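Participant: Predicted model follows, preceded by the sequence.
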Amino acid sequence: MGVGDRKLTAGRLVVWFAVPGCGWYFCVMSVMVEKISAIAFRTANMKASVQFYMYVLGMELLYGGEGAGFSSLRAKDVQSAMLNLELGHAVTGWGRMIF
C-alpha cells in the first residue's frame, strides 16, 4: 500500500500515510455505511453495457446513452443507487463506490 491508500476490511477503514522524516503510519477507523449513492464501472463497450443494464436488468437511463462516453442509470426506485459507466480500456481493479 502507498501514501493515502485505503482498504476497507470487516467494517474498518485502514488509511496509510507517511510523515516526512518519521516513517509510515496507519489509522484504523470504524465505518458504518448508511447509503451508497453511486457505483462507477469502466466499460470497453458502452453500447452493449447500456443495452444490458436497460433491457436485461430494467434500469432507466438518466444521462448519456449507447454512443456516449459516460452514462448514468438506476433501478426504477428513485431511492436506489446510480450506476455510472465510463467508456475506456478495461482495467483490472478499477471502480468507484460513492457513499
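Facilitator: Structure received. Residues are numbered from 1 along each chain as shown.

Participant: What pLDDT is listed against the closest residue to residue 76 other than its chain neighbours?
Facilitator: Counting by Cβ to Cβ, 6 or more residues apart in numbering, residue 60 is the residue found nearest to residue 76 once chain neighbours are left out, at 6.3 Å. C-betas here are computed from N, CA, C, even on glycine. Note for residue 60: predicted pLDDT of 94.

Participant: do the same with residue 21
Facilitator: pLDDT, the model's per-residue confidence, is 66 for residue 21.

Participant: quick thing: my sequence starts at 265, can you match it?
Facilitator: Yep, numbering from 265; the last one is residue 285 now.

Participant: Next one: the residue nearest to residue 340 from residue 313, what distance?
Facilitator: Separation of residue 324 from residue 313 (Cβ to Cβ, to the nearest Å) stands at 15 Å.

Participant: rewinding a little: let me see the contact set for the residue nearest to residue 340.
Facilitator: The contact partners of residue 324, by Cβ atoms under 8 Å, 6 or more residues apart in numbering, come to 318, 337-340.

Participant: mind redoing it with 10 Å?
Facilitator: By Cβ atoms under 10 Å, 6 or more residues apart in numbering, the contact list for residue 324 reads 317-318, 336-340, 342, 344.

Participant: Going by neighbour count, which of those are buried?
Facilitator: 317-318, 336-338 (16 or more other Cβ atoms under 10 Å).

Participant: Now the two most distant members of those.
Facilitator: Farthest pair in the buried ones among the contacts of residue 324 (Cβ to Cβ) is 318 and 336. Separation: 11.9 Å.

Participant: Mutual contacts of the two, please.
Facilitator: 324-325.

Participant: quick one, strands of this structure?
Facilitator: Using DSSP state E, the strands of the chain run over residues 270-273, 276-283, 287-294, 302-307, 324-327, 334-338, 346-351, 360-362.

Participant: partner strands of the fourth one, parallel or antiparallel?
Facilitator: So that's strand 302-307. Strand 302-307 sits in its sheet next to strand 346-351 (parallel), strand 360-362 (antiparallel), going by DSSP bridges.
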